[in-house]
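Novice: Below are the sequence and a predicted model; questions follow.
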Amino acid sequence: MYTTSQPDPVRLEIFKNLYQFIAEQMGIVLQNTAASVNIKERLDFSCAIFDYSGLLVANAPHIPVHLGSMSESVRSLINEKSDTLKPGNVYLSNNPYNGGTHLPDVTTITPVFDEDKKQVIFYVASRGHQADIGGITPGSMPPHSTLVEEEGIIFDNFLLVEEGIFRETAVRQHLSNHIYPARNPNQNIADFKAQIAANERGVIELRKMVSQYGIETVQAYMKFVQSNAEESVRKAIHLLKDGSFIYEMDNGAIIQVKVTISQENRSATIDFTGTSEQLNSNFNAPKAVTQAAVLYVFRTLVDDNIPLNAGCLNPLEIIIPSGCMLNPIYPAAVVAGNVETSQTIVDALYGALGVMAASQGTMNNFTFGNEKYQYYETICGGSGAGIDFDGTDGVHSHMTNSRLTDPEVLETRYPVLLESFSLRPDSGGKGKHSGGNGVVRHIRFLEPMTANILSGHRVVPPFGLNGGEAGIVGRNWIQRQNGIEENLDSTATVEMKPGDVFVIETPGGGGFGKVS
């Protein structure tokens, strides 16, 4: 196959799907070989391939907050270690100040070398949410952390595999040599190995492509796929209008965004000036997370079936003042920024563009555990209504794309009972198009455990648009075995005793348009 300065439309479609297929194959390997419920059952992972400069080419349809930020991790590795990269090396990174999202999301990065093993021609990466990476609470999602060190162990371009040899002793030392060490290093290592295997599948498949089509063609079509995504986003931008939005969170923080459209250049400026300063809580979102949220929103405005990649960002100028809650300075805590603030950024942007009411705006992060067990889940709720559609009941929306653990697996692996799980009637906002309903989840504990909830929209309701009503706020509470009910805040840590029930009621989505 020969290359030209312009892509052949048929070949463009073939290569676009080939790149995505490789990322999907990586995901299948990761799911099949992982040890934790978090990755194997909940599918809280993402896989992607990158060009030789670390720019995203294609991904499987995994977790948006991972996919839009992974490129920052790969480029950080290139900037720091490009002189020492060797065939057979694999690196581990979760530093939120170097392209990461929050500490439980750990990325393995594998450089792909040419046949002569002299030059890096691609990178492949997989990111998985660890069930525990240390920190002050089991599950590494502490509701009340104020420093990133309290959230777990940082890996910063850590050499995980050296020329094909897994550095198990060094990894174990790193997991244990911390004021708040990892609680289950064996599970961490098993999941790291699964991520290495996933990357290796990506390496093998990319080499097959190069063998079949030649390196020049494969790299040329990587650029063409990115350019095609850029053009698709520019077409979508051309249909938009200027807008702004101010979004208040439960903790009183403000996200302020102004979107300015240049029709002439078919480009957009997204300016977060006016957003609250860095917080003394963990709702700060690393810059990579903020960028991922913007990338997600503009990708969803494209009708074409394109892979989310670096080309989508080219028409966008993103202004995020340093030191604000969307671009914090080390050592600010960030664990909720990835899962909660990312959702609010998305809703604020949809509000500014006037295209969609707020979804539940939270991932309802629920963790529990002790020294033996650690578990994490995100819980679905209502999605927002739009110009010509209703919201959806009980769905994971926007920056999360994971699923809930099957009840049988949950009850087999952990000493809990899922007593009930149902839709929450009339929790979606009414409108010409109504928001989706949230859910209600009751979990009874059979052993003493520490439980944590990290959530939002327990005070401020998810907004409606164009006269549509807001969704109903969520609620967290405990039914003690002695019959006493305890109401909890948006974020809480509680000690659960055998027989106690933790109840989570998730928010509904906002409605769109007045009821006629």
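Specialist: Perfect, thanks for sending it.
Novice: quick one: low-confidence ranges for the stretch 151-300 of the chain?
Specialist: Applying pLDDT under 70 to the stretch 151-300 of the chain flags no residue at all.
Novice: And the stretch 401-516 of the chain, by the same measure?
Specialist: For the stretch 401-516 of the chain (pLDDT under 70), the answer is none.
Novice: so where do the helices sit in it?
Specialist: 407-413 (DSSP state H, counting those that start in this stretch).
Novice: Now do the strands in it.
Specialist: Taking DSSP state E, counting those that start in this stretch as the criterion, the stretch 401-516 of the chain contains strands spanning 416-423, 439-445, 449-454, 475-479, 485-488, 491-496, 501-505.
Novice: looking at the ones you listed, which is buried most?
Specialist: strand 449-454 (a mean of 24; mean count of other C-beta atoms under 10 Å). C-beta coordinates here come from the backbone N, C-alpha and C atoms, glycine included.
Novice: Report all helices and strands that it contacts.
Specialist: Identification of packing neighbours for strand 449-454 by 3 or more C-beta pairs under 8 Å, 6 or more residues apart in numbering; DSSP states H and E yields strand 365-369, strand 491-496, strand 501-505.
Novice: give me that answer again for 6 Å
Specialist: Counting contacts by 3 or more C-beta pairs under 6 Å, 6 or more residues apart in numbering; DSSP states H and E, strand 449-454 is packed against strand 365-369, strand 491-496.
Novice: That strand pairs with which strands, parallel or anti?
Specialist: strand 365-369 (antiparallel), strand 491-496 (antiparallel) (DSSP bridges).
Novice: Please tabulate these in CSV, including the columns distance to Val460.
Specialist: Shown next, in CSV, are these (distance: least, C-beta to C-beta, whole Å):
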stretch, distance to Val460
strand 365-369, 18
strand 491-496, 14
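Novice: Which one of those strands lies nearest to Val124?
Specialist: Evaluated over those, closeness to Val124 peaks at strand 365-369, with 28.3 Å, by C-beta to C-beta.
Novice: Next secondary structure element downstream of the longest helix seen in the chain?
Specialist: Taking DSSP state H as the criterion, the chain has its longest helix at helix 185-213. Sequence order places helix 215-237 as the next helix or strand after helix 185-213, per DSSP states H and E.
Novice: what's that following helix in contact with?
Specialist: 1, 3, 7, 12, 15-16, 51, 57, 209-210, 266, 268, 298, 301-302, 304, 306, 309-312, 314-315 (C-beta atoms under 6 Å, 6 or more residues apart in numbering).
Novice: Ok, stretch 178-190 next?
Specialist: 35-36, 130, 132-136, 153, 172, 175, 371, 374.
Novice: need the strands of the stretch 401-516 of the chain in a markdown table with distance to Ser82, can you?
Specialist: Formatted as a markdown table, the strands of the stretch 401-516 of the chain follow (distance: least, C-beta to C-beta, whole Å):
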| stretch | distance to Ser82 |
| --- | --- |
| strand 416-423 | 47 |
| strand 439-445 | 47 |
| strand 449-454 | 37 |
| strand 475-479 | 46 |
| strand 485-488 | 48 |
| strand 491-496 | 40 |
| strand 501-505 | 45 |
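Novice: which stretch among those strands comes nearest Leu159?
Specialist: strand 449-454 (31.8 Å).
Novice: got a list of contacts for that closest one?
Specialist: For strand 449-454, using C-beta under 6 Å, 6+ apart, the contacting residues are 137-138, 141, 143, 336, 365-368, 370, 476, 491-494, 496, 502.
Novice: Filter the contacts of stretch 178-190 down to the ones in helices?
Specialist: Counting by DSSP H, these contribute Arg172, Leu175 to helices.
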